[in-house]
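>>> 3D, please:
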Amino acid sequence: MRPIQFLTVAVLAVLAACAPQQQQDNGQAVLDNIFARKSVRTYTDQPVSAEQIETLMRAAMAAPSGMNVQPWRFVVVSDQTVKEQIAGRNAMIAKAPVAIVVCGQTMLREDTPNGNWTADCAAATENLLLAAEAIGLGAVWTAAYPYEDRMNGIIDALGLPDDVKPYCVVPVGYPGGDEQPKDKWKPENIHYDRW
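Residues are numbered from 1 along each chain as shown. Alright, predicted model coming up:
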């Protein structure tokens, strides 16, 4: 065997040996991120970059969607006046560098409601929150749906079309405090085979 062939075979053998460990490490990193996620309600003045926002949007749009309809729509708000308009009584939205309004298209067609829009938007929101945690940002889920007063204020402020409803607002920024994840593990909430 020539030296270059030996080297190639050796490199491939090392990569093959490392693959299961790397897969295990990647899996643990995902679990660590899930367990580290926390609701961040205070933020520094440090801006959130366009690249970070795109990462959050890509993660949100990677969520599962019933029948792959993907009804989610997003409004990224950095204008202070608009943030104050959508904040209502929720000051943390106005104080965050960016607020992402997760919306859902409520109709499949003109005459067919989309019954899955809230579930799909919830999945997209969770992906967004996990991505924020993964890239060192803080975020929190603040409900809009099903509260008519909150939804109407957001609809008016953003000029949403009739078939698009705000699901939630996610303020995003660099954490300004020392929030910690909550341990929500409750084995008594699990049932096997039957209730």
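
>>> quick one, phi/psi of Gly104?
Phi and psi for Gly104, reported as degrees, to the nearest 10, are phi -130, psi 140.

>>> what's the pLDDT at it?
On pLDDT, Gly104 comes in at 98.

>>> one more: Ala19?
pLDDT, read off for Ala19, is 63.

>>> what of Thr44?
pLDDT for Thr44: 97.

>>> ditto for Val14
Residue-level confidence at Val14 comes out at 49, pLDDT.

>>> can you start the count at 42 instead of 1 from here on
I'll keep to 42 as the first residue from here, and by that count the last item is Val55.

>>> contacts only, for Val139.
Residues in contact with Val139 (CB atoms under 8 Å, 6 or more residues apart in numbering) are Val89, Ile94, Val117, Val118, Ser119, Pro212, Val213, Gly214. For every residue, glycine as well, the C-beta is placed using N, CA and C.

>>> could you do Ala180 as well?
For Ala180, the contacting residues are Ser80, Val81, Leu169, Leu170, Ala173, Glu174, Val211, Pro212, Val213, Gly214, by CB under 8 Å, 6+ apart.

>>> now do it against Asp219, distance only.
Distance of Ala180 to Asp219, given as CB to CB, to the nearest Å: 16 Å.

>>> secondary structure class for Pro212?
Under the three-state scheme (DSSP: H, G, I helix; E, B strand; the rest coil), Pro212 adopts strand.

>>> what do you get for Arg99?
Once three-state DSSP is applied, Arg99 turns out helix.

>>> that older thread, would you write a PyMOL line that selects the buried entries of the contacts of Ala180?
PyMOL command restricting these to the buried ones, with burial defined by 16 or more other CB atoms under 10 Å:
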select buried, resi 81+169+170+173+174+211+212+213+214
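
>>> what would the contacts of Val139 look like in TSV with pLDDT and distance to Gly194?
Shown next, in TSV, are these (pLDDT from 0 to 100; distance: CB to CB, whole Å):
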residue	pLDDT	distance to Gly194
Val89	98	23
Ile94	98	23
Val117	98	18
Val118	98	13
Ser119	98	18
Pro212	98	15
Val213	98	20
Gly214	98	22
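
>>> next up, identify which helix or strand the residue most central in space within the chain is on.
For the chain, the residue sitting closest to the mean C-alpha position, by CA atoms, centre = their mean, is Leu169 at 1.1 Å. Using DSSP states H and E, Leu169 sits in helix 158-175.

>>> what comes into contact with that helix?
74-75, 77-79, 96-107, 110-113, 141, 143-147, 179-182, 186, 206, 208-209, 211, 213.

>>> and it, which residues are buried?
Buried residues in helix 158-175, counted by 16+ other CB under 10 Å: 158-159, 161-175.

>>> any idea how far the closest residue to the residue nearest to the centre of the chain other than its chain neighbours lies from Ala173?
Spatial nearest neighbour of Leu169, excluding adjacent residues (CB to CB, 6 or more residues apart in numbering): Ala101 at 4.2 Å. According to CB to CB, Ala101 stands 10 Å off from Ala173.
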